[in-house]
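Asker: Here is a sequence with its predicted model. Questions after.
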Amino acid sequence: MSLRYIGTGVKLGEGTRIWHLTYIGDHTEIGDLTSVGSLTHIDHHVKIGEKCRIQGMVYIPPETSIGDNVFIGPGVVFTNDPYPPSGHLVGVKVESRAVIGASAVIKAGVTIGESSVIGMGAVVTCDVEPETVVYGNPARHQYTLEEYEKRRDQWIRDNDKQRS
């Protein structure tokens, strides 16, 4: 069972993988070597860059733009109407190398800065500066990308020791 719906005018990059039960709307572009997980809904007129990893059960509405090398965790929801149902839609912009944790919700019109990290379950209601880490409800700046990388590297080292 590999049911997928891929709309008209869709451009899929070389080596892109689309998993089961996925919907991709008309006139969407997905770059090379991107992976889209099962049960994901990518609406029409969405642009996704190269080497992105989009996990399962993600919703990406029309007019959303995602840069290169972006990770989007399972169950992330992007919105595109800041005052529903206004009928005036605006996409979310995710810049390159951003990481968005599982079950985050991103408000319409928000820009997620380059190399930023959104914690799991965060509710993002305003722009996120590049190279910062935000989490919570509403999401707030917690620390820099440099501090995040130190914490991640320590976590990896600690777990590698436990497995030895």
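Answerer: Happy to help now that I have it.
Asker: Show me where the protein has its helices.
Answerer: 145-163 (DSSP state H).
Asker: So which residue is dead centre in it?
Answerer: Most central in the chain under Cα atoms, centre = their mean is Ile72, positioned 3.5 Å from the mean C-alpha point.
Asker: ok, it - contacts?
Answerer: Listed by Cβ atoms under 8 Å, 6 or more residues apart in numbering, the contact partners of Ile72 are 52-55, 58, 66, 94, 100. All C-beta atoms are positioned from the backbone trio N, CA, C, and that covers glycine.
Asker: And for Val90, the neighbour number?
Answerer: By other Cβ atoms under 10 Å, the residues close to Val90 number 18.
Asker: Considering the contacts of Ile72, which possesses the most neighbours?
Answerer: The most crowded member of those, judged by other Cβ under 10 Å, is Val94 (29 neighbours).
Asker: isn't that residue right up against Asn69?
Answerer: No - contact criterion Cβ atoms under 8 Å: Val94 and Asn69 do not qualify, at 10.8 Å.
Asker: wait, Val77 sits on Val105?
Answerer: Yes - with contacts defined as Cβ under 8 Å, Val77 counts as touching Val105 at a distance of 5.0 Å.
Asker: neighbour-wise, which of the two wins?
Answerer: Legend: neighbour count by other Cβ under 10 Å for Val77 and Val105, higher for Val105 (18 against 15).
Asker: So in terms of bridging, what pairs with the more buried one?
Answerer: On the basis of DSSP bridges, Val105 takes part in beta bridges with Val77, Val123.
Asker: What's the separation between it and Lys161?
Answerer: Taking Cβ to Cβ, to the nearest Å as the measure, Val105 and Lys161 are separated by 36 Å.
Asker: first to last residue in stretch 26-36, what's the distance?
Answerer: End-to-end distance of stretch 26-36 (Cα to Cα, to the nearest Å): 16 Å.
Asker: Now it: average pLDDT?
Answerer: Computed over stretch 26-36, the mean pLDDT rounds to 98.
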